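Asker: Mind looking at a prediction? Sequence and model below.
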2 protein chains.
Amino acid sequence: MNKGHAVEILSVGTELLLGGTTNTDARDISEMLTTIGLNVFHHTVVGDNPARLRQAMEIAMGRADIIITTGGLGPTCDDLTKNVIAEALGLELVFVPEEEARLRGYFEQRRREMTPNNLQQCYLPAGCVRLVNDWGTAPGCVVERDGLTVIMLPGPPKECVNMMRHRVLPYLQSKGDGVIVSHNYKIFGMGESEMEFVLRDMMNESVNPTIAPYAKACECLVRITAKADSAEEAEALIAPAAEIVREKLGDVVYGVDLEGLDECVLRLLEQRGMTLSAAESCTGGLIAKRITDHPGASAVFLGGVVSYTNPVKEKILGVSAETIARCTVVSEPVAKEMCEHVRELTGSDLAVSVTGLAGPDGDGVHPVGTVCLGLATPEGTVTDTLNIPGRDRENVRQYASQHAFDLVRRYLTGLPVKTRTII
Amino acid sequence: MNKGHAVEILSVGTELLLGGTTNTDARDISEMLTTIGLNVFHHTVVGDNPARLRQAMEIAMGRADIIITTGGLGPTCDDLTKNVIAEALGLELVFVPEEEARLRGYFEQRRREMTPNNLQQCYLPAGCVRLVNDWGTAPGCVVERDGLTVIMLPGPPKECVNMMRHRVLPYLQSKGDGVIVSHNYKIFGMGESEMEFVLRDMMNESVNPTIAPYAKACECLVRITAKADSAEEAEALIAPAAEIVREKLGDVVYGVDLEGLDECVLRLLEQRGMTLSAAESCTGGLIAKRITDHPGASAVFLGGVVSYTNPVKEKILGVSAETIARCTVVSEPVAKEMCEHVRELTGSDLAVSVTGLAGPDGDGVHPVGTVCLGLATPEGTVTDTLNIPGRDRENVRQYASQHAFDLVRRYLTGLPVKTRTII
């Protein structure tokens, strides 16, 4: 196996093996490494167990030339990574007084007392490059030895990600041979297997760029990845393939490299100088939460009402009790009044509404997964009903919010707003 | 190394190594395995590469006696897991006609056309136990061979988790020697290192049960884990340790085995027969979203207003423009009006409000991370101001919502509601 810049991420922490914690560090580190042309071939997780960590380290040393460890650098007694790795590399740990000074400053600034166990974080392998941690207490480090690079990072995601971005990437950049550029063509309204069928010949023939399909929560994506000497050359390899993908898939492609339909809608509203509000029942604030996840949302998202119960629908939103009695609360007429009234209340250009049954309990009338949507615009209101069977509460809510954003996207890009109902 | 029921989870998928996807399967499988007394010692991730998968499989066979693979069973051409694993085990793949019938039914029921590539999912290793997938298209399987158990599961999280719960756990239950019981004592308002310092002696001495601290997003937890012949015996081992933990940590322990402060507040409201509403500015619907994540929320959470802009605060919530002008929008007087007015509008017993600066941009007056909270109750209103420096937008929002829930928890459990500001 070619060992030229093969990266392994070795995560240490019993909590990862007990299932309480997700290994987001391995994901985030991988994502950053691909941007500088480094290939991650393995992720490994072991617990806070010196023997198994040592063994995993030896396997990694046999197949990778860059090893990045996460976790086990903190102040607690099961933080053993530095000791075991230093031993595997035949290095001593030495006390770094600058780290003690930094630590004392860290606690003083936060007006917190520094417990003595924190000092264990001031020991680093002899001869290492120290990586100052401006986001937490435990420093990281880089050890270079016989063509092998070992990088140790703290485990808490916020610290790990910032250390990668601001300390490790600049260090590693010189090691990448070439540049990998990836773009994600994001898709809502077509399943993965249908998409793969449509693109199969193209994917099979693809070498550089490669074309690969991925299923995500309530959507999917096609990733086109090219490797070249420069970013410009890589982009030039991607462009013609991207054009064919767009042609074959049509208007289910909602954007490129966007985080989601929420960001897509935010950008479209910004471009058009328009504003949005939301009236949410079964999504319970999810639509508002998703769009306000993004900085700058306040320029286009005015707010809304979470009308999780009927009295709130009537009292704050002004939905007519008669409509609810006549049509039931999960109905297009109620969705229509919800979006029209929240648009009026907030003075937004557009307003979406969602009323439905997320489950697990039904209402005795509609099956769980029945969701009605409304979109109020200056030209009038459209409504739609979805049936989302065989999915759980979280999925129904997520899917309903996806569909609400897609309604707005379709309206803003001039596409037909009555979308296909995907089951 | 003792090989008695050592489990390795071997996840297959280039998307995991490129960083686009989080390995939630490994987390969820691990969590379920610990409940039946099986020890997970390794997680490994390799890409859709036959040689590296084969090599990883051989390493796993040398150190585990139960191997669970995820991913690579689907209809696309990079779904190679079955072929490689069967080869490593010296088995042929055979066509299973029942699977074809099931697949055709699956697509018919969803009124979707079945593309021919789906048939590749109907091949399984000779002599395996087939695991019917009621949540997707690709079946799983179990192969038993010379004391080694290999279980292959589909990668999409929803399918993987359901296959584990309904197919694999019943199958494996007989293999567990003893039962592991774990309880999580969840903590808000104390940092991990302070908690670890307080509990250090206890943790060092702990063998059965073990006591371990974990840091989570904006909170932390102590996990007490006992191993015994029965669940009852394990609980009896945990009880005295739990009592000491509660004594040492005090009222920062908000609950046991709860998903979060949102669930804690939901349960407290249920127990007391009280209702809640929310007026949210910088959290933008996050509080409403978090509490409505839980089934049954509609019995206690009436709804609220996402007043993301000043006109919405004034028009829907009735916050006085004069108060905003006099105190600025990020102020305790505005928080007070927000929660009092949303309580009046919805008719709830309690109401929380949040107004603050999540960043990245400030308002020129307050630093990013300044957040004002309000809690309106039948006995009056309390407000508080937090300073959450050095954190990003997501963190400020999450932390603000944590604090809002903690205000409600403290009120409902008779604790002082002016909480410490944790930085």
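Answerer: Now that the structure is in, tell me what you want to look at. Residues are numbered from 1 along each chain as shown, chains lettered A, B, ... in the order given.
Asker: Now name the helix or strand holding residue A:204.
Answerer: helix A:192-205 (DSSP states H and E).
Asker: Over to residue A:304?
Answerer: Element membership for residue A:304 (DSSP H and E) is strand A:301-307.
Asker: Give the buried residues for that strand.
Answerer: Neighbour-count burial for strand A:301-307 flags A:301, A:302, A:303, A:304, A:305, A:306, A:307 (criterion: 16 or more other Cβ atoms under 10 Å in any protein chain shown). In short, each C-beta sits where N, CA and C put it, glycine included.
Asker: All the strands of the stretch 301-423 of chain A, in order from the start?
Answerer: Listed in chain order, the strands of the stretch 301-423 of chain A (DSSP state E, counting those that start in this stretch) span A:301-307, A:350-356, A:370-377, A:380-387.
Asker: Restricting to C-alpha, output the second one in PDB.
Answerer: Included here for strand A:350-356 are C-alpha records, laid out as PDB according to Å, rounded to 0.1, in the frame of the first residue of the first chain:
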ATOM      1  CA  LEU A 350     -43.300  35.800   2.500                       C
ATOM      2  CA  ALA A 351     -44.500  33.500   5.200                       C
ATOM      3  CA  VAL A 352     -44.500  29.700   5.600                       C
ATOM      4  CA  SER A 353     -46.700  27.600   7.900                       C
ATOM      5  CA  VAL A 354     -46.700  24.000   9.000                       C
ATOM      6  CA  THR A 355     -49.500  22.000  10.800                       C
ATOM      7  CA  GLY A 356     -49.300  18.300  11.100                       C
END
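Asker: what packs against it?
Answerer: If you count contacts as 3 or more Cβ pairs under 8 Å, 6 or more residues apart in numbering or on different chains; DSSP states H and E, strand A:350-356 packs onto strand A:276-280, helix A:332-346, strand A:370-377, helix A:393-412.
Asker: if I read this right, residue A:256 contacts residue A:221, doesn't it?
Answerer: No: applying Cβ atoms under 8 Å as the test, residue A:256 and residue A:221 come out as separate, 9.7 Å apart.
Asker: Look at the two and report which has more neighbours.
Answerer: In this view residue A:256 and residue A:221 are compared by other Cβ atoms under 10 Å in any protein chain shown, and residue A:221 has more residues nearby, 25 against 14.
Asker: Dump the strands of the stretch 301-423 of chain A to TSV, plus mean pLDDT.
Answerer: As requested, the strands of the stretch 301-423 of chain A are arranged in TSV below (pLDDT from 0 to 100):
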stretch	mean pLDDT
strand A:301-307	96
strand A:350-356	97
strand A:370-377	96
strand A:380-387	93
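Asker: pLDDT wise, what is the nearest residue to residue A:219 once chain neighbours are set aside at?
Answerer: Nearest residue to residue A:219, sequence neighbours excluded (Cβ to Cβ, 6 or more residues apart in numbering or on different chains): residue A:188, at 4.7 Å. Residue A:188 carries a pLDDT value of 95.
Asker: again, but for residue A:15
Answerer: Taking residue A:15 on its own, its pLDDT is 86.
Asker: swap in the one 10 residues further on?
Answerer: On the pLDDT scale, residue A:25 is placed at 96.
Asker: my guess is it contacts residue A:11, does it?
Answerer: Yes: here residue A:25 reaches residue A:11: they are 6.2 Å apart, a contact under Cβ under 8 Å.
Asker: Give the residues shared as contacts by those two.
Answerer: Any residue near both residue A:25 and residue A:11 by Cβ atoms under 8 Å, 6 or more residues apart in numbering or on different chains counts here, and that gives A:70, A:71, A:155.
Asker: which residues touch the helix holding residue A:204?
Answerer: A:187, A:210-215, A:220, A:222, A:241, A:244-245, A:248-249, B:74-77, B:112-113, B:115, B:117-118, B:137.
Asker: Report the buried residues of that helix.
Answerer: Here helix A:192-205 shows A:192, A:193, A:194, A:195, A:196, A:197, A:198, A:199, A:200, A:203 as buried, counting by 16+ other Cβ under 10 Å.
Asker: Now the two most distant members of those.
Answerer: Largest separation among those by Cβ to Cβ: A:194 and A:203, giving 13.6 Å.
Asker: So in chain A, where's the weakest helix or strand by average pLDDT?
Answerer: strand A:210-216 (a mean of 82; mean pLDDT, DSSP states H and E).
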